[in-house]
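Participant: Turn this into a structure:
(one chain, ligands or ions: 1)
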Amino acid sequence: MSSLNTILFGLSFENPLLLASGVNDKVPEQWIRAHKEGAGGVVTKSIGIEPRKGYGNPTVVELPYGLINAMGLPNPGWKGFLEMVEGYAFDFPLIVSIFGGSPGEFAFLAEKLSGVADAFELNLSCPHAKGYGMEIGQRPENVYEVVKAVKDVTGKPVIAKLTPNTNDIAKLGLAAEKAGANAVSAINTLKAIAIDVYARMPILSNKIGGYSGPGIKPIALRAVYDLARALDIPVIGVGGITTWQDAVEFLLAGASALQIGTAVSLRGWRVFREISEGIKRYLEEEGFLSVGEIVGLALG
Ligand SMILES: Cc1cc2nc3c(=O)[nH]c(=O)nc-3n(C[C@H](O)[C@H](O)[C@H](O)COP(=O)(O)O)c2cc1C
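Facilitator: Model (predicted):
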């Protein structure tokens, strides 16, 4: 369907849609299901060094235009992850998301998981886990150090996932590019809160969470636009993509591939087919031969 093979560092995407990290993607059966339902590839739930249970309930609040979540990065740790994938062979790109508290921890995880990952996505952007994610990824110098440390230990492609909780996301992207990242993805969730008016306290057990879904789409689109204008490496768009029109907007803003998270959670697996069929129809009707032809057309 697209010329993404060449755009995205040799991973053979049959279409530009990937399952975003953290949404219906904890176990291999869900990755396989996502692929069957039309995802070209999958980004796993973020994996850390030690197993984590995550926060107590409630961890998710549903709002009219999306979700606020604070899961607390629940994951089996790298050893548990390796045990979980043993015996599986995937016929789609498996992008393993990793998180650490320092460049050394990210590098350690990349080394341990290089045998099973087709690429790594570095979670430099989770907004609600103390000592991780955004707390590291808000500073360009940290982004540089983490990407560099991972590139030093793995030959697998490295994607830096950036936070929108910053005044200039392009600076973060440029730091990732300088350190050798093969791509950036944007955006992770926006720091947010919801309050129960009768309990008169925050709803989430962690109080603060990350906002995702249709409400953040214009912000994600602007982030992709800014990044695509500033960087030479590919940008992967994520944030609120729910319809094929959203997807086309992101491609026109310069995204070479797209991730879908909350829409899968709210509308089911069928969103992959609906969106890819919509993109295909749009390309045919507008006289384009491939997704690659429309990437960045709105950058001007
Ligand atoms: C329940 C939930 C869990 C998430 N967990 C992760 C995660 O572990 N690692 C990560 O990088 N992003 C995580 N995200 C962020 C998504 O991958 C994505 O960047 C964000 O939700 C915006 O896209 P969307 O609007 O399509 O969901 C999570 C999002 C949600 C809603």
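
Participant: Flag every residue of this structure that's near the ligand.
Facilitator: Residues of the chain found near the ligand (Cβ under 6 Å from any ligand atom) are 20-23, 45-46, 67, 69, 71, 73, 97, 123, 126, 161, 188-189, 212-213, 216, 238-241, 260-263. (Glycine included, C-beta is placed from N, CA and C.)

Participant: as a whole number, average confidence for the longest helix along the chain?
Facilitator: Longest helix in the chain by number of residues (criterion: DSSP state H): helix 271-286. Mean per-residue pLDDT for helix 271-286: 96.

Participant: Could you list the buried residues of that helix?
Facilitator: Neighbour counts over helix 271-286 (16 or more other Cβ atoms under 10 Å) mark 271-272, 274-276, 278-279, 282-283 as buried.

Participant: excluding its backbone neighbours, what's nearest the residue of the chain found nearest the ligand?
Facilitator: The chain approaches the ligand most closely through Gly22 (1.9 Å), counting by Cβ to the nearest ligand atom. With sequence-adjacent residues excluded and distances taken as Cβ to Cβ, 6 or more residues apart in numbering, Gly22 is closest to Lys45, at 5.2 Å.

Participant: now swap in Ile294 and tell me
Facilitator: Closest residue in space to Ile294, ignoring its immediate chain neighbours: Leu251 at 5.2 Å, by Cβ to Cβ, 6+ apart.

Participant: can you pull the contacts of that neighbour?
Facilitator: Going by Cβ atoms under 8 Å, 6 or more residues apart in numbering, Leu251 touches 16, 237, 258, 279, 291, 294-295.

Participant: which residues of this structure score low on pLDDT?
Facilitator: Within the chain, the ranges that satisfy pLDDT under 70 run 1-14.

Participant: residue ranges of the strands in it, please?
Facilitator: Along the chain, counting by DSSP state E, strands occupy 17-19, 41-43, 60-63, 66-69, 94-98, 119-123, 158-161, 183-186, 190-193, 195-196, 201-202, 208-212, 235-238, 255-260.

Participant: The closest residue to Gly80 other than its chain neighbours: neighbour count?
Facilitator: Once flanking residues are discounted, Gly80 sits nearest to Pro51: 5.6 Å by Cβ to Cβ, 6+ apart. If you count neighbours by other Cβ atoms under 10 Å, Pro51 ends up with 14.

Participant: got the phi/psi numbers for the residue nearest to Gly22?
Facilitator: Dihedral angles of Lys45 (phi, psi; degrees, to the nearest 10) stand at phi -60, psi 150.

Participant: so where do the helices sit in this protein?
Facilitator: 4-7, 28-36, 77-85, 103-113, 134-137, 140-153, 169-178, 217-230, 244-252, 262-267, 271-286.

Participant: ok, now which ones touch Ser265?
Facilitator: Counting by Cβ under 8 Å, 6+ apart, Ser265 touches 23-24, 67.

Participant: got it, and Ala194?
Facilitator: 61, 63, 68, 202-204, 209.

Participant: can you tell me which two in these are farthest apart?
Facilitator: Leu63 and Pro202 (13.7 Å; Cβ to Cβ).

Participant: Chain neighbours aside, what residue packs nearest to Tyr65?
Facilitator: Leaving aside its sequence neighbours, Tyr65 sits nearest to Gly215 (Cβ to Cβ, 6+ apart; 3.4 Å).

Participant: so that neighbour touches Glu62, yeah?
Facilitator: No: using Cβ atoms under 8 Å, Gly215 is not in contact with Glu62, being 11.6 Å away.

Participant: Phi first, then psi, for the spatially closest residue to Gly133 that is not a sequence neighbour.
Facilitator: Nearest residue to Gly133, sequence neighbours excluded (Cβ to Cβ, 6+ apart): Cys126, at 2.9 Å. Backbone torsions of Cys126, given as degrees, to the nearest 10, read phi -60, psi 130.

Participant: count of residues packed around Cys126?
Facilitator: The local packing of Cys126 (other Cβ under 10 Å) involves 26 other residues.
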